[in-house]
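K.L.:
Structure, please.
(chains A and B)
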Amino acid sequence: MVGHLLVRPLYFLQIMESIITAQHTFKASKGRLINPGDLIFKNLTRFFAALILVLVVLMAYEMIRTSALSWNKFGFNFFIRSVWDPVQDEYGALPFIYGTLVSSLLSIVIAVPLSLGIAVFLTEVAPRWLERPVSFFVEMLAGIPSIVYGVWGFFVMVPWLRSTVEPFISKHLGFIPLFRGAPYGVGMLAAGIILSIMILPIIASISRDVLKAVPRSQTEAALALGSTRWQATRIALAYSRSGIFGAVILGLGRAIGETMAVTMVIGNRPTISASLFEPGYTMASVLANEFTEATSEMYISALVEIALTLFIITIIINSFARLLMWSVTSNERAQKA
Amino acid sequence: MRDYPGTRQTLIDIDTIPEKGKGVPVDHNKIVAENVSAFFGKVQAIRDIQISIPENSIVAIIGPSGCGKSTFLRSINRMHELVHGTRITGKILLDGEDVYSIDPVLIRKKIGMVFQKPNPFPTMSIFDNVAAGLRMGGTHDRKNIAEIVERSLQQAALWNEVKDSLSKSGVGLSGGQQQRLCIARALAVNPEVILMDEPASALDPIATAKIEELLFELKKRYTIVIVTHNMQQAARVSDYTAFFYMGELIEYDVTKKIFTAPSMKQTEDYVTGRFG
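P.N.:
Down below sits the predicted model:
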């Protein structure tokens, strides 16, 4: 409905008209002659572009509409309540928001140093014959379906965490609340690790591109001052810091929205616990798990409100990342000019 | 313009070239290149270069684009080898010691470099830019650093312009100021030789004049090798001039001689503007 309003009917008339009079040029606004083919092309592409906007607006509209019931009942408290009781129709999203944030942040903590290490290796250290295949494999990691990561995580990583890693950590670092509790295997730590593997290719490949865009003159300036390779790399990292930050934010966006793999290893229990070994739940996982069994209208409405929250968070994070990337590229252009 | 034997009309008014080089007491050759050849992959950029650069002098390297003058400059402080697939043969001696047998990090501390385009570190303040080399070299004493930064900026004739804005970003300066900042940055690590790769080619005439003036001051303490496209500049600032052509050193002599009575035909053609 909204779509019809946004795409002005006039364009369709013009397109039809130009098809009919395809052999003739005709006068457009300001009395200029234009080719009808160009006009079709222009308006057709304009239509497709508008479609994307319409889609996003419609999605937001639909979610706002459906979640109104839950919003009217719980209001802002929805976001700070930790009760999730479909039987009593009492809902609060806090454990899911907490689970999403903690698992994503954990994955960032693990993935960022690794990705930067890979990016620095690829740009500064690796010989050419090695750079290509390694880049290829890093990018290939991004193409593996998330369910594959989930299956691997569930059957290989989780048992290993349960039997080896978590007992080891709790034995030596158990005095920190983060690492206290029974080693379940499934839980926040497992989710964080699987997510870090999944976002690693994004952060690594974008950071590599950003580092490659550092002008040679910068590294050479450092080296000519008698810096070591590592010091010159630090100059390059400082130069590209906002681009790398953008890469991290894009990775964070992916981690926040990731569903299947996390659902399989996080344990799916809506609790808030200080320990990373305890099971948790994320916004994306609860949607995947409970949508099919949501019976009451309030249940559906609460789930949709969670979806809307996730939608808004990812939009904010992604636009933030884009802005940062743009500022980097426009700086480059300014420097070239 | 008088006619000198063996010269056509030169681009430069010969009388304006100061007598230099002759009076300089040459007791020590700071840099000696022996049979230096450099390659990019299979392409040979310079061929068997033999040259001696006296201490506390300014040597200009001139020649048409692609003649290998920058490559030679960059092989002195081992920057040439940073590009993939490059190779170098022959010897370059700094005070009698082959630079290729010493850690490049140490060599580059002794042989500073100023590039064609000003390249201050954009994330650092003016102060930090000058201090960068010191800090990377392991100097962390604040008082010491502050002293050296001030001295270097004064040597680069920039102190009076920036002393009140040391904490501001270096990229906010004008092009000429940025280049002098880069010179100060190079001076701060206390080098013995300064290589300059067309340091004024991106600058306007006034900024260029300032840099040239600066060179005369720096000569007292440092040995300077400057690559330039600008023959007037070479004539104005240098004691000795080397003419490179097609990767070879064609002629190397006292600057005045190169511009007034060169012994090689190619040199004459170049300085009279017949090619290049």
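
K.L.:
any idea how far B:Ala207 is from chain A?
P.N.:
Distance of B:Ala207 to chain A, given as CB to the nearest CB, to the nearest Å: 18 Å. Yep, even glycine has a C-beta here, placed from its N, CA and C like the rest.

K.L.:
Compute the number of surrounding residues for that residue.
P.N.:
Counted with other CB atoms under 10 Å in any protein chain shown, the neighbours of B:Ala207 add up to 19.

K.L.:
The nearest residue to it once chain neighbours are set aside - how many residues pack around it?
P.N.:
With sequence-adjacent residues excluded and distances taken as CB to CB, 6 or more residues apart in numbering or on different chains, B:Ala207 is closest to B:Gly176, at 2.6 Å. Other residues near B:Gly176 number 22, with proximity taken as other CB under 10 Å.

K.L.:
what residues are up against B:Gly176?
P.N.:
Going by CB atoms under 8 Å, 6 or more residues apart in numbering or on different chains, B:Gly176 touches B:203-204, B:206-208, B:210-211.

K.L.:
host element of it?
P.N.:
For B:Gly176, the host element (DSSP states H and E) is helix B:175-188.

K.L.:
Please apply the same query to A:Ala50.
P.N.:
helix A:36-74.

K.L.:
which helices and strands does that helix pack with?
P.N.:
Applying 3 or more CB pairs under 8 Å, 6 or more residues apart in numbering or on different chains; DSSP states H and E, one finds that helix A:36-74 contacts helix A:2-6, helix A:9-20, helix A:297-336.

K.L.:
which SS state does B:Val36 fall under?
P.N.:
strand (DSSP: H, G, I helix; E, B strand; the rest coil).

K.L.:
Could you pull up the contacting residues of it?
P.N.:
Contact analysis of B:Val36 by CB under 8 Å, 6+ apart lists B:46, B:48-50, B:72, B:75, B:88-92.

K.L.:
same check, this time on B:Gly41
P.N.:
B:85-86.

K.L.:
again, only using 7 Å
P.N.:
Taking CB atoms under 7 Å, 6 or more residues apart in numbering or on different chains, we find B:Gly41 in contact with B:Gly85.

K.L.:
swap in A:Met188?
P.N.:
A:102-103, A:106, A:266, A:276, A:278, A:280.

K.L.:
at 8 Å instead, please
P.N.:
Contacts for A:Met188 (CB under 8 Å, 6+ apart) come out as A:99, A:102-103, A:106, A:266, A:273, A:275-280.

K.L.:
I'd like to know how many residues surround B:Glu213.
P.N.:
By other CB under 10 Å, neighbour count at B:Glu213 equals 12.

K.L.:
Helix, strand, or coil at B:Ile46?
P.N.:
Classification of B:Ile46 by three-state DSSP places it in strand.

K.L.:
just checking, it touches B:Ala38?
P.N.:
Yes. Assessed by CB atoms under 8 Å, B:Ile46 is found in contact with B:Ala38 at 4.9 Å.

K.L.:
looking at this, A:Ser135 is in a strand?
P.N.:
No. Per three-state DSSP, A:Ser135 lies outside any strand segment and is helix.

K.L.:
neighbours of the closest residue to it other than its chain neighbours, just the number please.
P.N.:
Distances taken as CB to CB, 6+ apart put A:Leu122 closest to A:Ser135, at 6.0 Å, once the chain neighbours are dropped. Neighbourhood size, A:Leu122 [other CB under 10 Å]: 22.

K.L.:
Send me the helix holding B:Gly176 as CSV with only the CA atoms.
P.N.:
Extracted in CSV, the C-alpha atoms of helix B:175-188 (Å, rounded to 0.1, in the frame of the first residue of the first chain):
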residue,chain,number,x,y,z
GLY,B,175,52.4,22.2,2.5
GLY,B,176,55.7,24.1,3.1
GLN,B,177,55.3,23.9,6.8
GLN,B,178,54.5,20.2,6.6
GLN,B,179,57.7,19.6,4.6
ARG,B,180,59.7,21.5,7.2
LEU,B,181,58.0,19.4,9.9
CYS,B,182,59.2,16.3,8.0
ILE,B,183,62.7,17.7,7.9
ALA,B,184,62.5,18.4,11.7
ARG,B,185,61.3,14.9,12.2
ALA,B,186,64.2,13.5,10.3
LEU,B,187,66.7,15.8,12.1
ALA,B,188,65.4,14.7,15.6
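
K.L.:
May I see the buried residues of it?
P.N.:
Within helix B:175-188, the residues that count as buried by 16 or more other CB atoms under 10 Å in any protein chain shown are B:176-188.

K.L.:
ok so, going back, out of the contacts of A:Met188, which comes closest to A:Leu200?
P.N.:
A:Leu106 (13.4 Å; CB to CB).

K.L.:
Would you mind confirming that the closest one makes contact with A:Leu276?
P.N.:
Yes. Assessed by CB under 8 Å, A:Leu106 is found in contact with A:Leu276 at 6.9 Å.

K.L.:
Just want to know which of these two has more residues nearby.
P.N.:
Legend: neighbour count by other CB under 10 Å for A:Leu106 and A:Leu276, higher for A:Leu276 (23 against 20).

K.L.:
and that one, which of the three is it?
P.N.:
Here A:Leu276 is coil, with the state taken from three-state DSSP.

K.L.:
could the contacts of A:Met188 be laid out in a markdown table, adding pLDDT?
P.N.:
Listed next are the contacts of A:Met188 as a markdown table, based on pLDDT from 0 to 100:
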| residue | pLDDT |
| --- | --- |
| A:Gly99 | 94 |
| A:Val102 | 94 |
| A:Ser103 | 95 |
| A:Leu106 | 95 |
| A:Ile266 | 93 |
| A:Ser273 | 87 |
| A:Ser275 | 88 |
| A:Leu276 | 88 |
| A:Phe277 | 89 |
| A:Glu278 | 90 |
| A:Pro279 | 92 |
| A:Gly280 | 92 |
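
K.L.:
Show residues contacting stretch A:72-89.
P.N.:
With contact meaning CB under 8 Å, 6+ apart, stretch A:72-89 is reached by A:70-71, A:90-97, A:270-272, A:286, A:290, A:294-296, A:298-299, A:302, A:305, A:309.

K.L.:
what about it, distance to the chain center?
P.N.:
Relative to the chain's own centre, stretch A:72-89 is displaced by 26 Å; criterion: CA atoms, centre = their mean, to the nearest Å.

K.L.:
Next: stretch A:312-324.
P.N.:
Mean C-alpha position of stretch A:312-324 versus that of the full chain (CA atoms, centre = their mean) differs by 9 Å.

K.L.:
Would you single out the least confident of the helices and strands packed on helix A:36-74?
P.N.:
Among the helices and strands packed on helix A:36-74, helix A:2-6 has the lowest mean pLDDT, at a mean of 45.

K.L.:
Make sure A:Met264 is actually in contact with A:Phe155.
P.N.:
No. Taking contacts as CB under 8 Å, A:Met264 lies outside contact range of A:Phe155: 9.5 Å.

K.L.:
which of the two has more neighbours?
P.N.:
Using other CB under 10 Å, the more surrounded residue of A:Met264 and A:Phe155 is A:Met264, with 24 against 11.

K.L.:
In space, what's closest to that one - neighbours in sequence excluded?
P.N.:
Computed as CB to CB, 6+ apart, the closest residue to A:Met264 that is not its neighbour in sequence is A:Gly150, at 3.7 Å.

K.L.:
in the helix or strand containing the one you found, what's buried?
P.N.:
Element membership for A:Gly150 (DSSP H and E) is helix A:146-152. For helix A:146-152, burial by neighbour count (16+ other CB under 10 Å) applies to A:146, A:149-150, A:152.

K.L.:
Mind listing residues that contact it?
P.N.:
Residues outside helix A:146-152 that contact it (CB under 8 Å, 6+ apart) are A:194, A:197-198, A:258-265.

K.L.:
Ok, stretch A:215-227 next?
P.N.:
By CB under 8 Å, 6+ apart, stretch A:215-227 touches A:231-233, A:235-236, A:239, A:335, B:77, B:79, B:82, B:105-109, B:112-113, B:115, B:117, B:119-121, B:132-133, B:136-137, B:182, B:185-186, B:189.
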